[in-house]
Every structure is written in C-alpha cells, then in structure tokens.
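Visitor: my questions concern the predicted model and sequence given below.
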Amino acid sequence: MATASKQQLRRLRTLGRGASGAVVWLAADESSGQLLAVKSAATPAAAEQLRREARVLSGLRSPHIVPFLGSHADAITGEYHLFLEYAPRGSLADEAARNGGRLGKRDVRRFTADLLRGLAYLHGESVVHGDVKAANAVVGADGRAKLADFGCARAAAGCDLPVAGTPAFMAPEVARGEEQGPAADVWALACTVIEMATGAAPWSGDVDCDVFAAVHRIGYTDAVPELPPWLSPEAKDFLRVCLQRDPRRRPTAAQVLDHPFIVSADPAKHFWASPTSTLDTAFWESSDDKDDEEEASESAAGRISSLASPRSALPDWDSEDGWIDVCSECSQVPEAPAVVTAVTVGGAGFDLWCETHLDAAEVGLHAIDVEDAVRNPTSHVGVVVDFVKPQQRHSSSSVGGIGLCLCPAACHQGKTVDRNSAVLVMSNEKSSLIMHRFGHFVTLFNLVFGCSLVYTLHIA
Ligand SMILES: Nc1ncnc2c1ncn2[C@@H]1O[C@H](COP(=O)(O)OP(=O)(O)OP(=O)(O)O)[C@@H](O)[C@H]1O
C-alpha cells in the first residue's frame with residue numbers, strides 16, 4: 001500500500017484504545033479503497049509518544065512487525081496520526097477472546113514463533129520493544145502475529161529512557177528499575193505465552209490485587225510465573241529457559257529460535273479475513289479481461305478453497321459496526337452478463353464441490369445501478385441474483401440462504417466498494433454474501449452457519 005495521507009481517509013470505526021491516550025481506528029483510503037489502521041493522539045504528550053513510535057517503526061521492515069505506512073501531524077488541531085497496515089483479526093488478545101478466552105496449544109506455539117522471530121529481527125536492529133504482551137501484537141491478513149505498539153520501544157544499548165511497560169510482563173531487572181534490554185523482551189514473550197495459554201497475565205492474582213506487591217515479588221524475590229500445567233513438556237521447557245531471573249542467563253531471541261517448541265511450530269495459517277481481502281482487488285484482478293478469464297478458469301477451485309474459511313475467521317456479520325462504506329468515486333455498473341451457464345458450489349466443512357450447468361432461464365443475474373444502491377442502501381443491493389431455481393435444486397445445506405440474502409427486501413444492507421467490480425452485500429438474518437465480478441465470472445461468497453459457501457457463476 002502506498003503511504004497514506006490523512007486527507008483522503010474516511011474514518012470507519014474505532015479498533016482500540018490504549019492506556020497511552022491514543023485511539024486506533026479503522027480508515028479507508030478513499031482513492032484506493034484500501035483499509036488501514038490509524039493511531040491518533042490528541043494531547044501533546046500522547047502525540048510526542050506517537051512521534052517516537054513513528055520514528056522507530058519507520059526503520060523496521062519484517063513480516064513479524066506491523067507495517068508502518070506513514071504519519072501526519074495536523075498543524076491546526078495538534079493531532080498526530082500514525083498509519084499502519086490494518087490487521088483484520090485484531091490483537092492476539094482479541095484472538096484469544098474470540099476463542100473463548102485463551103488460545104489452543106497449536107496457535108500458542110505458532111504465534112509464539114511469530115513473535116519470537118519479530119523479536120529476533122528487532123533485537124538485530126538494536127531495538128527493544130519494551131511492552132510485549134498479547135494486546136500489543138496483531139494478527140495480520142497473512143495469519144502471522146506481528147509486534148505492534150512501539151510506544152515503549154527504545155535503543156537496545158545506551159538508552160536513558162525510564163523503564164516502562166506493563167507490570168505483569170516486566171522482567172525482574174525491569175521491575176527493579178535497573179535496565180530494559182533485549183533480555184527483558186524475551187521474559188515478556190514468555191509471559192505472553194502464559195497469557196495466550198491461560199487467558200490471563202502471569203501473576204494474575206498478585207497483580208490484579210496490588211501492583212506494588214506484584215512488582216516487589218517480580219523484582220525482589222526468587223519467584224517466577226506459574227506455568228500452565230497442561231502445556232506440553234517442550235512448551236514448559238521453553239518457558240523455563242526464557243524465565244531465567246538473571247538476564248545474563250536468559251537466551252537471546254535469536255538463540256531460542258532453535259528451541260524444539262519453536263522449530264516444530266506450524267506455519268502461518270492463512271485466514272481469509274474480510275474486509276481487506278475483499279477490497280484487495282489485486283487479489284482478483286489482472287490487467288485485462290483475457291488474463292482474468294484464463295487465470296480464473298485455471299484456478300477457480302484453488303481460489304475458492306483459499307477463500308473458504310471457518311466463520312471464526314470472519315468479521316461480525318450481525319453487527320452494524322465496522323461495515324465498509326467506501327465510495328469515493330462511485331462505481332460504474334458492470335455490464336449485465338448475458339447468460340449464466342454454470343454454478344460451482346464449494347464450501348469449507350461441507351466437503352462439497354459440485355458444478356451445475358444451467359439453462360439461461362434458470363438463473364438471472366441482473367446488474368443494477370450501484371450508485372443508486374449506495375445512495376439508498378436499504379432499498380437496493382448492488383446486484384440482484386435470482387437464485388430461486390438453484391436453491392430448489394440443491395439440498396438446503398449447500399445452497400440454503402443465498403436466495404434470502406440476495407433478495408433486496410431481505411437484505412439488511414448493501415455496501416459497495418469503489419472498484420468497479422466489487423459489491424459487498426450483507427444480511428443480518430441467516431446468511432451474508434460477498435459478491436465479486438471479474439471478467440466473465442461472478443463469485444459469491446455466502447457465509448452461512450459457520451462455514452463459507454462459495455458460488456462461482458460462469459457467465460457466457
Ligand atoms: N494495525 C492494527 N490493526 C488492527 N487493530 C489494531 C492495529 N493496531 C492496533 N490495533 C488495535 O488497537 C489496540 C490498541 O493499540 P495500541 O496497543 O497500539 O495502542 P496503545 O494506546 O499504545 O495501547 P497501550 O498503551 O494500552 O499498550 C490494539 O490492542 C488492537 O486491538
């Protein structure tokens with residue numbers, strides 16, 4: 001994504017608020033339709049902290065660090081804005097919350113490996129994060145955990161900033177106010193593993209009740225955080241190694257990359273996470289229709305399966321909040337296709353792939369005025385597809401619901417994006433649907449009952 005500029009951004013919704021006084025919000029770049037996260041500070045102190053964060057982030061580039069897209073200082077209001085790549089799954093704390101409060105063993109291991117790689121890179125750049133915890137790491141669209149919130153970051157050596165961070169995650173030497181070097185990040189990472197595995201910060205009883213007592217315990221006793229008993233022996237060994245109280249005996253992030261707990265971690269799980277991928281038309285479009293056609297016909301099944309994903313990977317379809325309403329230059333209506341010849345249906349979890357050839361009369365696909373749909377989102381959806389006949393043809397588990405959400409009267413909302421070919425439709429009833437037209441194909445993602453069903457209409 002190109003560096004963003006504040007003027008062309010539309011504010012969509014708040015993503016998070018931190019103790020620093022900054023607000024993180026989701027924004028759409030009106031010229032490109034891309035989504036990004038904007039961290040904004042209104043007060044001079046918070047703005048100064050954000051400036052520092054921008055300086056640190058601007059020098060970093062790693063798949064395990066949240067990508068920095070630019071910054072903007074508003075001379076009139078005094079506000080400062082930091083532009084970051086939007087991580088559609090939110091923080092690791094959000095990820096745990098969605099999963100019932102804590103993460104499963106495999107996810108803990110996978111995300112730990114991501115964060116450790118981020119730390120190894122960061123320390124190699126002579127930067128200390130200073131506040132590693134689940135709320136300060138986001139999960140990107142590539143499925144990787146990425147270190148975020150560099151508000152406490154500092155130079156690895158010769159830094160005269162006072163120690164900072166979150167008490168429960170502080171290493172003993174930080175709690176004593178002595179030093180905050182790379183070894184403190186390794187300790188905090190181990191605390192984050194405990195947090196991901198249990199849903200609570202280490203020392204939770206102590207810290208919740210009395211921060212001073214907890215900091216005293218961390219800094220001035222021999223105690224180490226309790227290890228979750230259900231973790232694997234490898235995980236426990238990794239934690240013991242990283243939770244050495246003496247920072248000189250703690251391994252570096254680079255050294256511990258070889259630990260069996262990390263070496264055996266699964267690779268990143270690629271989630272399909274709307275809305276960035278829906279709007280990322282580069283994913284779908286190539287330079288001309290011929291290419292589109294060829295590519296689409298060669299790899300439709302691959303595209304579909306890569307997009308089908310469990311509902312847990314998807315946004316909250318029922319909420320009014322957070323829906324993309326991006327329309328800088330309203331889109332033109334794609335030409336109405338002449339005839340729909342086939343419907344391919346695929347879906348995660350349903351073990352279902354079938355292709356049905358249709359008569360022209362069986363499925364009607366009618367493009368309507370998308371601009372009008374934007375002006376009157378409840379009266380129109382961008383495209384109306386009459387799926388009544390296929391709905392009768394297939395079992396209700398495979399096609400059920402699609403007729404509902406494509407019927408304008410039943411549609412809760414129609415939202416359009418500003419690329420000619422993309423139309424996003426949602427329903428708050430039984431199903432939700434995303435539609436994308438490219439070349440001679442229309443792909444419909446129907447998100448029903450915990451799985452994604454994907455319909456590809458082949459248009460003659
Ligand atoms: N790039 C991003 N994409 C999506 N959500 C984000 C992104 N960056 C931050 N957030 C969300 O905003 C929350 C707050 O962000 P961040 O930790 O950077 O703010 P902060 O004010 O520095 O917080 P604190 O000082 O409490 O640690 C995160 O926990 C996360 O939920």
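Guide: Received, thanks.

Visitor: which residue packs closest to the closest residue to the ligand within the chain, ignoring adjacent ones?
Guide: Among the residues of the chain, Gly18 lies closest to the ligand, at 1.8 Å counting by C-beta to the nearest ligand atom. Bear in mind the C-beta positions are built from the backbone N, C-alpha and C, glycine included. The shortest distance from Gly18 to any residue that is not its chain neighbour, by C-beta to C-beta, 6 or more residues apart in numbering, is 6.9 Å, and that residue is Asp149.

Visitor: quick one: the one you found is in a helix?
Guide: No: counting by DSSP: H, G, I helix; E, B strand; the rest coil, Asp149 is not found in a helix; it is coil.

Visitor: that one contacts Gly130, doesn't it?
Guide: No: shown here, Asp149 and Gly130 do not form a contact pair, counting by C-beta atoms under 8 Å, at 9.4 Å.

Visitor: quick one: common contacting residues for these two?
Guide: Common contacts of Asp149 and Gly130, defined by C-beta atoms under 8 Å, 6 or more residues apart in numbering, are absent altogether.

Visitor: what's the burial count for the residue of the chain closest to the ligand?
Guide: Burial of Gly18, expressed as a neighbour count using other C-beta atoms under 10 Å, amounts to 16.

Visitor: for it, report the pLDDT, please.
Guide: pLDDT for Gly18: 76.

Visitor: test my guess that it contacts Ala41.
Guide: No: Gly18 sits out of contact with Ala41 when judged by C-beta under 8 Å, with a separation of 10.0 Å.

Visitor: residue contacts, the residue of the chain closest to the ligand?
Guide: When contacts are counted by C-beta under 8 Å, 6+ apart, Gly18 is found next to 24, 135, 149, 151.

Visitor: for Glu234, which non-adjacent residue is spatially closest?
Guide: The spatial neighbour of Glu234 that comes closest, neighbours along the chain excluded (C-beta to C-beta, 6+ apart), is Phe261 at 4.3 Å.

Visitor: contact partners of the helix or strand containing the one you found?
Guide: Taking DSSP states H and E as the definition, one finds Phe261 inside helix 260-263. In this structure, residues lying in contact with helix 260-263 by C-beta under 8 Å, 6+ apart are 109, 112-113, 116, 232, 234-235, 237-238, 256-257.

Visitor: make a ChimeraX selection of whichever of those residues turn out to be buried.
Guide: The buried residues among the contacts of helix 260-263 can be selected in ChimeraX (16 or more other C-beta atoms under 10 Å) with this line:
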select :109,112,113,116,235,238,256
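
Visitor: is it possible to export the contacts of helix 260-263 to TSV including pLDDT?
Guide: As requested, the contacts of helix 260-263 are exported to TSV (pLDDT from 0 to 100):
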residue	pLDDT
Arg109	96
Thr112	98
Ala113	97
Leu116	98
Ser232	95
Glu234	96
Ala235	97
Asp237	97
Phe238	98
Val256	97
Leu257	97
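
Visitor: what about the contacts of helix 260-263, which are in helices?
Guide: Judged by DSSP state H, the subset of the contacts of helix 260-263 located in helices is 109, 112-113, 116, 234-235, 237-238, 256.

Visitor: hang on, Ala28 packs against Leu12?
Guide: Yes: in this structure Ala28 lies within contact range of Leu12 using C-beta under 8 Å: 5.9 Å.

Visitor: which of those two has more neighbours?
Guide: Regarding Ala28 and Leu12, a neighbour count based on other C-beta under 10 Å identifies Ala28 as having more, with 25 against 20.

Visitor: near the ligand, which residues of the stretch 151-300 of the chain? Just list them.
Guide: Applying the criterion C-beta under 6 Å from any ligand atom, the portion of the stretch 151-300 of the chain that neighbours the ligand consists of Gly151.

Visitor: so where's the stretch 151-300 of the chain uncertain?
Guide: For the stretch 151-300 of the chain, the stretches with pLDDT under 70 are 205-210, 269-300.

Visitor: ranges for the strands of it?
Guide: Across the stretch 151-300 of the chain, reading from the start of the chain, the strands by DSSP state E, counting those that start in this stretch fall at 154-155.
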